[in-house]
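Colleague: Sequence unavailable; structure follows:
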């Protein structure tokens, strides 16, 4: 069997402890409470392992009764939503709450509206969360704040060497001579887009007498 730490072994599994020691193996210091380790009138006891346990009077707490039991200790749910209660270690009759990000109020009871400053651009819809927001972008835009215009010309939608002009949620093709249509795929009709109508008015007196219509290149 293990030896008797502070005593002698007379019979198997039986220790005779020295004065001031106790326990099965004479390992408990029965004098640990003599030094009055418990503060503010706390009562000292030894647990089964020989460790000091302080029974604190009303209004105090802690392993040595060193802390006053202020409002934060007496009322565990004063601060909401994860806020930390502060009553100056119990020595204040009042309390304050240190709120987590995204909350405010004397008890951290208010969820801050993260959409209040309108962070989402270009007609996006803002959804408020806990210390966060989410932007639902309108078609044609992307990014956290929906501030990035999607390049609709990136896929080169204009055929036959047409020039693509990006727009919000769309594009426009500027077709070369001889082509037309949304993507410059259609052959242009004869004389299409290269001639203009000219109107010549011949007047005699104060009223027009005849009109002459002709087509000519730009």
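Modeller: Received, thanks. All figures in this text were calculated on a predicted structure; none of them were measured in a lab.
Colleague: got the end-to-end distance for stretch 58-74?
Modeller: Stretch 58-74 has an end-to-end distance of 10 Å (CA to CA, to the nearest Å).
Colleague: List the contacts of that stretch.
Modeller: 37-42, 54, 56-57, 78, 85-95 (CB atoms under 8 Å, 6 or more residues apart in numbering). In short, each C-beta sits where N, CA and C put it, glycine included.
Colleague: now, which of those lie within helices?
Modeller: The helices, defined by DSSP state H, take in nothing from these.
Colleague: Where does pLDDT dip in this protein?
Modeller: 1-2, 191-218 (pLDDT under 70).
Colleague: And the contacts of stretch 58-74, which of them are buried?
Modeller: Restricting the contacts of stretch 58-74 to buried positions leaves 38, 40, 42, 54, 56, 78, 85, 87, 90, 95, with burial counted as 16 or more other CB atoms under 10 Å.
Colleague: Same list, those residues, but as TSV with distance to residue 12 please.
Modeller: Output for the buried ones among the contacts of stretch 58-74, formatted as TSV (distance: CB to CB, whole Å):
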residue	distance to residue 12
38	38
40	46
42	40
54	37
56	42
78	58
85	55
87	56
90	51
95	59
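Colleague: Regarding residue 34, what is its secondary structure?
Modeller: helix (DSSP: H, G, I helix; E, B strand; the rest coil).
Colleague: That one: neighbour count?
Modeller: 10 (other CB atoms under 10 Å).
Colleague: and what of residue 166?
Modeller: 15.
Colleague: ok, back up a step: what's the most distant pair in the buried ones among the contacts of stretch 58-74?
Modeller: For the buried ones among the contacts of stretch 58-74, the farthest-apart pair by CB to CB is 38 and 78; their separation is 27.3 Å.
Colleague: just to revisit the earlier point, restricted to strands, list the buried ones among the contacts of stretch 58-74.
Modeller: 54, 85 (DSSP state E).
Colleague: Might you report the residue contacts of residue 115?
Modeller: 126-128, 133.
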